[in-house]
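K.L.:
Sequence first, predicted coordinates after that:
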Amino acid sequence: MGRVVVTEFISLDGVVEDPGGAEDFRHGGWSFEIQRGEEGDKFKLDETMGSDALLLGRRTYEGFAQAWPSRDGEFADKFNSMPKYVVSSTLESPEWTNTTVLQGDVAESVARLKQEIDGDIVVHGSVQLVQELLEQELVDALHLMVFPVVLGDGKRLFGTTSDKRWLDLQSTQSVGDGVTILVYKRR
Amino acid sequence: MGEIHVHEFMSLDGVIDAPTWTFDYGFDPGMGEAIGAVTNRSRGILLGRTTYEMFEPAWSTRTVEDDPGAPFFNDTTKYVVSSTLTDATWRNSELAGPYDPDAIRRLKDEVGDLYVSGSGRLVRAMLADGLVDELHLFVYPVTRGPGPRLFPHDAAPAKMSLATSESYDNGVVYLAYRPQA
């Protein structure tokens, strides 16, 4: 039985939109303006080396598929080689290695993935998908890298979620220039 | 010039409404110490009307035996920001009139450090006007969904410095931030 791990770069006001600058958001690339330090890098590397698959929304997938195939190194090799599942009703013939498109009911597809994959199915960004997974209680763990910045506008992680007590704090860590890593598990 | 220290109980999704939902998590002694460090340095309490009206019945009948925070809340002068309140009945209270950033600056000057709790509307206005010196956020491991948020969708972009981070056995995370000038 796999578990769905959602990992996000998030501003203090809860914005998760375009931290890497691949999309057309006016604060795009905001996560690069604040150093997460070596320990922050290590957290991301460990998270990725411990991933068994990626589960992505279409927008995040397209940003990643542009950026990662041309990169190398331990992190990029893992990203490029591991199985990737992209939730989309429009995407056809994806070119990034080892990609499967999930069509149809998201909750059903993800529940099936959790049956098939033994290990961490990691979701990066993909705010629309994550909101649906949260609502359907399909998220097993949440990794938040909280950056000490208020962005104001931008898509928020918890835009429309309902009142839910589903979290246990697993660990906290301060890294880099005021970045806090919060790890939660589903209760 | 005093500083304004804002204390909020906040859900993971940023909601800061009346924190009755925090009771389920108990009150870790470490949280009491962290809040005590803020109240100890404060010479005045600055509140919006809604929070003031919620605090008055809750605190005015309590003593130090009921809650170690009671003397601070009852004995410290409370400045209430309101355009409608005409009579502040809780002892040691003063009406500060409608929100006016200059009036708040004068209070910082004259009183010294001010402690603010809850008071979402007031805090959002002070954040927008650059009047908050430190935000003390106690983040609970729960999402609330709808509700008033500390940071509205039109919040001005701002960089912060992390001053403190701690976590407690009840899953609450304490994060203190200072807006960068």
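P.N.:
Yep, that arrived.

K.L.:
got the residues of chain B near chain A?
P.N.:
B:12-14, B:24, B:139, B:141-145, B:149-151, B:153-162, B:165, B:167, B:171-173, B:175, B:177 (C-beta under 8 Å from any C-beta of the partner chain). Where C-beta positions appear, they are placed from N, C-alpha and C, glycine not excepted.

K.L.:
The same query, at a cut-off of 6 Å, please.
P.N.:
Residues of chain B that fall close to chain A, judged by C-beta under 6 Å from any C-beta of the partner chain: B:13-14, B:141-145, B:151, B:153, B:155, B:157-162, B:165, B:167, B:171, B:173, B:177.

K.L.:
Can you tell me which of those end up in strands?
P.N.:
B:158-162, B:165, B:167, B:173, B:177 (DSSP state E).

K.L.:
Show me which of those are buried.
P.N.:
B:158-160, B:162, B:165, B:167, B:173, B:177 (16 or more other C-beta atoms under 10 Å in any protein chain shown).

K.L.:
From those, pick the one nearest residue A:62.
P.N.:
Using C-beta to C-beta, residue B:159 comes nearest to residue A:62 of these, at 29.4 Å.

K.L.:
ok, and the closest non-adjacent residue to residue 90?
P.N.:
Using chain A. residue A:58 (7.0 Å; C-beta to C-beta, 6 or more residues apart in numbering or on different chains).

K.L.:
you looked at the wrong chain, it should be chain B
P.N.:
That would be residue B:56: by C-beta to C-beta, 6+ apart, it lies 4.2 Å from residue B:90.

K.L.:
Secondary structure element for that neighbour, which one?
P.N.:
helix B:49-59 (DSSP states H and E).

K.L.:
Pull out the buried positions in that helix.
P.N.:
B:49-56, B:59.

K.L.:
same thing with stretch A:22-38?
P.N.:
Here stretch A:22-38 shows A:22-23, A:25, A:27-28, A:30-31, A:34, A:36 as buried, counting by 16+ other C-beta under 10 Å.

K.L.:
for stretch B:25-32, same thing?
P.N.:
B:25, B:28, B:31.

K.L.:
Nearest residue to the middle of chain A?
P.N.:
By C-alpha atoms, centre = their mean, the mean C-alpha position of chain A lies nearest to residue A:124, the distance being 1.4 Å.

K.L.:
Could you tell me how far the nearest residue in space to that residue that is not next to it in sequence is located from residue B:16?
P.N.:
Distances taken as C-beta to C-beta, 6+ apart put residue A:7 closest to residue A:124, at 5.6 Å, once the chain neighbours are dropped. As for residue A:7, its distance to residue B:16 is 26 Å (criterion: C-beta to C-beta, to the nearest Å).
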